[in-house]
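Asker: please find the sequence and the predicted model below.
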Amino acid sequence: MGFKPPLTREQLVEIQDRNPGSADVRALLWEVKRMRALVLYADQLQRMLGTLPGPQGAILDTLREKLKGEPCVSEFPRLPPEA
């Protein structure tokens, strides 16, 4: 059994707007925010690592593929390389 597609920031805001008084929804959204921050840290790390040999490289390649599909990575503003 796989995962459902990841939610965008806009979709998360819509969920919050539909449940303005729910402490449970608020708690879950804070957890989602925490996990999205962790994904961004993983993305920063993989960008710094370059290419790795052997099994470590295979794991890093898999991580990179997974991160490509994460909305929080594509939604996060980035400085241009020359900055």
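Answerer: Perfect, I can see it now.
Asker: in whichever helix in the chain runs longest, which residues are buried?
Answerer: Of all segments of type helix in the chain, defined using DSSP state H, the longest is helix 23-49. Buried residues in helix 23-49, counted by 16 or more other CB atoms under 10 Å: 29, 36, 39-40, 42-43, 46. The way it works is simple: take the backbone N, C-alpha and C, and place the C-beta from them, glycine included.
Asker: any weak-confidence spans in the protein?
Answerer: Using pLDDT under 70 as the threshold, the predicted model of the chain has low-confidence ranges 79-83.
Asker: could you give me the buried positions within stretch 63-79?
Answerer: So, applying 16+ other CB under 10 Å, buried residues of stretch 63-79: 67, 70-73.
Asker: farthest-separated two in those residues?
Answerer: Across the buried residues of stretch 63-79, the longest distance by CB to CB is 10.8 Å; it joins Leu67 and Pro71.
Asker: what helix or strand is Gly57 on?
Answerer: The secondary structure element spanning Gly57 is helix 54-68 (assigned by DSSP states H and E).
Asker: distance from the chain centre to the next helix-or-strand element following that helix, please.
Answerer: On the C-terminal side of helix 54-68, the closest following helix or strand by DSSP H and E is helix 71-75. From the chain centre to the centre of helix 71-75 is a distance of 6 Å (CA atoms, centre = their mean, to the nearest Å).
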